[in-house]
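Engineer: attaching a predicted model along with its sequence, questions to come.
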Amino acid sequence: MSYTEEVYARVVEKNPGEPEFHQAVKEVLESLKKVIDANEAEYRKMAVLERLTEPERIISFRVPWVDDAGQVQVNKGYRVQFNSAIGPYKGGLRFHPSVNQGVLKFLGFEQIFKNSLTGLPIGGGKGGSDFDPKGKSDGEVMRFCQSFMTELNKHIGADQDVPAGDIGVGAREIGFLYGQYKRITGLYEGVLTGKGLTFGGSLIRTQATGYGLIYLLDEMLKHHKNTIEGKTVLVSGSGNVAIYATEKVQQLGGKVVAMSDSNGYIHDPDGIKLDIVKNIKEVRRGRIKEYADKVPGATYTEGKGIWSIPCDIALPCATQNELNLDDIKKLKANNCFCVAEGANMPTTLEATDFILENGILFLPGKAANAGGVATSALEMSQNSLRLSWTEEEVDQRLQQIMKDIFAKCEDAARRYGMEGNYVAGANIAGFEKVINAMLAQGIV
Ligand code: NDP
């Protein structure tokens, strides 16, 4: 057995019942094989992969809160502090009923490489709760966030661990979490990112993940002598990433014809009217279905099925494993030539293999959605400087970071004879920086 196979087998054995974590480790280790084989003796002796796949620390805690009816509710809370070799832990908080330790370990593991790719000094972490903000009143969400932070505050800090938003955690939740952190610790510091603009937030942070995805896509398409202009695009999800990816596609002359939520998808052959989606999702917290009631010519279909609509480019921006082998076969049959992941690991391993074997252009989430965490790191810089940069300044930095990420992925893939394979490129480039730092810091 090779070293990577041995470590993968160990991860499966030691982390039972965590299929998403196994999947993330498998994808990374497979694409690192050539790098590991070239340094096998040293890496084995230093147990580099065993250390890389074991979180430095996992904190798990009880989150009791009182609902509007006076009933006490209890949720599980977590923070996975995975790797701090290149900076303080950084990664979002996810509030969704599907959250468990395995899901957060997969996300935290991915975050290590993503954060490394940004070129900024941030380590990998992730956290969250199985709390479902959907259908809860503002008061219930606030009480939950306050209880969550009453425990979490003991483990985070501006130079230690800086959480942000993710699924179910947007501006409202970050505001409540920040308020409670400040109240308990007495510190007005950049301990969370995604904050409101009046209390230390950064311009462009809201748009950053979606915009960054499209900046990277644009860069890759240019490299392949193509453009977004005139292309038909599918975007799954209708949350933060999906909305701002759609906005930037439209600004660059592409046409987004479908979006979705966890209930179903809308198809608008004339192009999605984003102001209507924003009103439904950002203002009223409604369902995507309502779009079809408001826009003549648009249809709503219950269930998963967005990938059966003909398109040139598919952008999965909802959640993990939302695009499987059947989906990619349908996309290919409809001449889709490019998939770029806005979400974390939305494409299954089988679908990714099919993509790479069939010459479909592919950008993996850890590179493609890194604009969010990169701009979070820019928020940390502004907080430390006690300054706020202009919209143009932050946007320019974001564009440059995404360009650099493409160059790193391209270069790493080429160096190992896998030109055009940006999965391998992203994993290798992210890995190299972290491993150099880990080796230099001794056995910790
Ligand atoms: P939001 O909560 O804003 O939106 C999530 C969207 O995905 C919603 O439309 C939601 O539908 C849908 N969705 C969530 N879970 C499921 C599911 N199980 N099945 C089908 N649809 C689902 O989250 P974000 O936009 O912030 O995050 C989306 C993805 O992007 C996640 O993978 C996240 O980890 C990743 N990401 C986000 C970053 C950010 O800055 N926000 C940064 C990097 C990555 P519904 O409303 O019905 O639940």
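Structural biologist: Nice, thanks for sending it over.

Engineer: now do the same for D261: its pLDDT.
Structural biologist: According to the prediction, D261 has pLDDT 97.

Engineer: how close does the closest residue to it other than its chain neighbours get to I243?
Structural biologist: Leaving aside its sequence neighbours, D261 sits nearest to I288 (C-beta to C-beta, 6 or more residues apart in numbering; 4.3 Å). (Each C-beta comes from the backbone N, C-alpha and C, glycine too.) Going from I288 to I243 by C-beta to C-beta, to the nearest Å gives 11 Å.

Engineer: who touches both of those two?
Structural biologist: Residues touching both I288 and I243 by C-beta atoms under 8 Å, 6 or more residues apart in numbering: V277, K281.

Engineer: contacting residues around the nearest residue in space to L197 that is not next to it in sequence?
Structural biologist: Leaving aside its sequence neighbours, L197 sits nearest to L203 (C-beta to C-beta, 6+ apart; 6.9 Å). Residues counted as contacts of L203 (C-beta under 8 Å, 6+ apart) are L197, S388, W389, T390, E391, V394.

Engineer: quick one: average pLDDT of stretch 353-372?
Structural biologist: If you average the pLDDT values across stretch 353-372, you get 97.

Engineer: only alpha carbons, please: show that stretch as CSV.
Structural biologist: Taking Å, rounded to 0.1, in the frame of the first residue of the first chain, the C-alpha atoms of stretch 353-372 are listed here in CSV:
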residue,chain,number,x,y,z
ASP,A,353,-13.8,11.8,-12.2
PHE,A,354,-16.3,11.9,-15.1
ILE,A,355,-15.6,15.7,-15.6
LEU,A,356,-11.8,15.2,-15.6
GLU,A,357,-12.0,12.2,-18.0
ASN,A,358,-14.3,14.0,-20.4
GLY,A,359,-12.3,17.2,-20.7
ILE,A,360,-14.9,19.4,-19.1
LEU,A,361,-13.3,22.5,-17.6
PHE,A,362,-13.5,22.3,-13.9
LEU,A,363,-12.7,24.7,-11.0
PRO,A,364,-12.9,23.0,-7.5
GLY,A,365,-14.5,24.9,-4.7
LYS,A,366,-11.4,25.2,-2.6
ALA,A,367,-10.0,27.5,-5.3
ALA,A,368,-13.2,28.9,-6.8
ASN,A,369,-15.0,30.0,-3.6
ALA,A,370,-11.8,31.2,-1.8
GLY,A,371,-12.8,34.8,-2.5
GLY,A,372,-15.0,34.8,0.6
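
Engineer: and that stretch, which residues are buried?
Structural biologist: By 16 or more other C-beta atoms under 10 Å, the buried positions in stretch 353-372 come out as 353-356, 360-372.

Engineer: swap in stretch 275-286?
Structural biologist: For stretch 275-286, burial by neighbour count (16+ other C-beta under 10 Å) applies to I276, V277, K278, I280, K281, E282.

Engineer: how about stretch 312-328?
Structural biologist: Buried positions in stretch 312-328, judged by neighbour count with 16+ other C-beta under 10 Å: 312-325, 327-328.

Engineer: read off the pLDDT value for M1.
Structural biologist: 88.

Engineer: any idea what sits nearest it, other than its immediate chain neighbours?
Structural biologist: Closest to M1 by C-beta to C-beta, 6+ apart is A9, at 7.3 Å.

Engineer: okay, that neighbour: pLDDT?
Structural biologist: Note for A9: predicted pLDDT of 98.

Engineer: three-state assignment of it?
Structural biologist: Following DSSP: H, G, I helix; E, B strand; the rest coil, we place A9 in the helix state.

Engineer: number of nearby residues for it?
Structural biologist: With neighbours defined by other C-beta atoms under 10 Å, the count for A9 comes to 11.

Engineer: tell me the centre residue of this protein?
Structural biologist: Geometric centre of the chain, nearest residue: N344, 4.5 Å, by C-alpha atoms, centre = their mean.

Engineer: doesn't the residue nearest to L197 fall inside a helix?
Structural biologist: No. Under three-state DSSP, L203 falls outside any helix and is assigned coil.

Engineer: that'll do, ta.
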